[in-house]
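Sequence and predicted structure, then a few things I'm wondering about:
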Amino acid sequence: DGGITQSPKYLFRKEGQNVTLSCEQNLNHDAMYWYRQDPGQGLRLIYYSQIVNDFQKGDIAEGYSVSREKKESFPLTVTSAQKNPTAFYLCASTRMNTEAFFGQGTRLTVV
Amino acid sequence: RKEVEQDPGPFNVPEGATVAFNCTYSNSASQSFFWYRQDCRKEPKLLMSVYSSGNEDGRFTAQLNRASQYISLLIRDSKLSDSATYLCVVNGQGGYNKLIFGAGTRLAVHP
């Protein structure tokens, strides 16, 4: 089955630690996205990538980093510079001007 | 001004009611438009795409007015299961495959 997979589903980060969230898709989509969602809030764009080896900052990129070495994969690193990382992180992929498909999300908590 | 703005909600309606959600977008170069539904603590799921000619899927009708940069969603005969947050989504701004989400409008349908 084609789809988009995020892992892990739950992640706990200690203060000052970098963590990486995985996002893999087998839909052959060119574009991939990372969003952050806080309780009761909408989705805010962190980074997006339209093609391999290229990515753009979204509205809240500070404290995050990404890579796009393969079409299928778009991992997100939450660095220690992100002071309030506790949130629900969603990865999505699309073809040009089509609807987005989402992974099931990763809930990150700082402990 | 936000790129995509929605009615703030929440909308509390009885079963059987008709409810309408509105959305405006700021970039006239936007190419494609969607409504998503998001249940609590889940990823968004596509409800329907929105076309200039309007489209209908059962109890749901979506409309796009490009001149006014306005998108709407009408839900007729509301069911308890329609309770969720409805997200307006715009893609393809200026030729870029960039998905922008509205903050969402929460709908609560009560018996």
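Cool, the structure landed.

all strands for chain A, in order.
Applying DSSP state E to chain A gives strands spanning A:4-7, A:10-13, A:19-25, A:31-37, A:43-51, A:54-57, A:64-66, A:76-78, A:87-94, A:101-102, A:106-110.

Output these as JSON lines; include the columns mean neighbour count, distance to chain B and mean pLDDT.
For glycine as for every other residue, the C-beta is placed from the backbone atoms N, C-alpha and C. Below are the strands of chain A laid out as JSON lines (neighbours: other CB atoms under 10 Å in any protein chain shown; distance: least, CB to the nearest CB, whole Å; pLDDT from 0 to 100):
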{"stretch": "strand A:4-7", "mean neighbour count": "18", "distance to chain B": "9", "mean pLDDT": "96"}
{"stretch": "strand A:10-13", "mean neighbour count": "14", "distance to chain B": "12", "mean pLDDT": "92"}
{"stretch": "strand A:19-25", "mean neighbour count": "19", "distance to chain B": "12", "mean pLDDT": "97"}
{"stretch": "strand A:31-37", "mean neighbour count": "25", "distance to chain B": "4", "mean pLDDT": "95"}
{"stretch": "strand A:43-51", "mean neighbour count": "21", "distance to chain B": "4", "mean pLDDT": "93"}
{"stretch": "strand A:54-57", "mean neighbour count": "14", "distance to chain B": "8", "mean pLDDT": "94"}
{"stretch": "strand A:64-66", "mean neighbour count": "20", "distance to chain B": "15", "mean pLDDT": "97"}
{"stretch": "strand A:76-78", "mean neighbour count": "20", "distance to chain B": "15", "mean pLDDT": "97"}
{"stretch": "strand A:87-94", "mean neighbour count": "25", "distance to chain B": "6", "mean pLDDT": "95"}
{"stretch": "strand A:101-102", "mean neighbour count": "22", "distance to chain B": "4", "mean pLDDT": "94"}
{"stretch": "strand A:106-110", "mean neighbour count": "17", "distance to chain B": "8", "mean pLDDT": "94"}
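
quick one: low-confidence parts of chain B?
B:92-96 (pLDDT under 70).

ok now do the residue in chain A positioned nearest to chain B, which residues does it touch?
In chain A, the residue that lies nearest chain B is residue A:42 (3.5 Å; CB to the nearest CB). Applying CB atoms under 8 Å, 6 or more residues apart in numbering or on different chains to residue A:42 gives the contacts B:87, B:101-104.

contacting residues around the spatially most central residue of chain A?
Closest to where the C-alpha atoms of chain A average out (CA atoms, centre = their mean) is residue A:34, at 3.2 Å. Counting by CB under 8 Å, 6+ apart, residue A:34 touches A:21, A:23, A:45-48, A:58, A:64, A:66, A:74, A:76, A:89-91.
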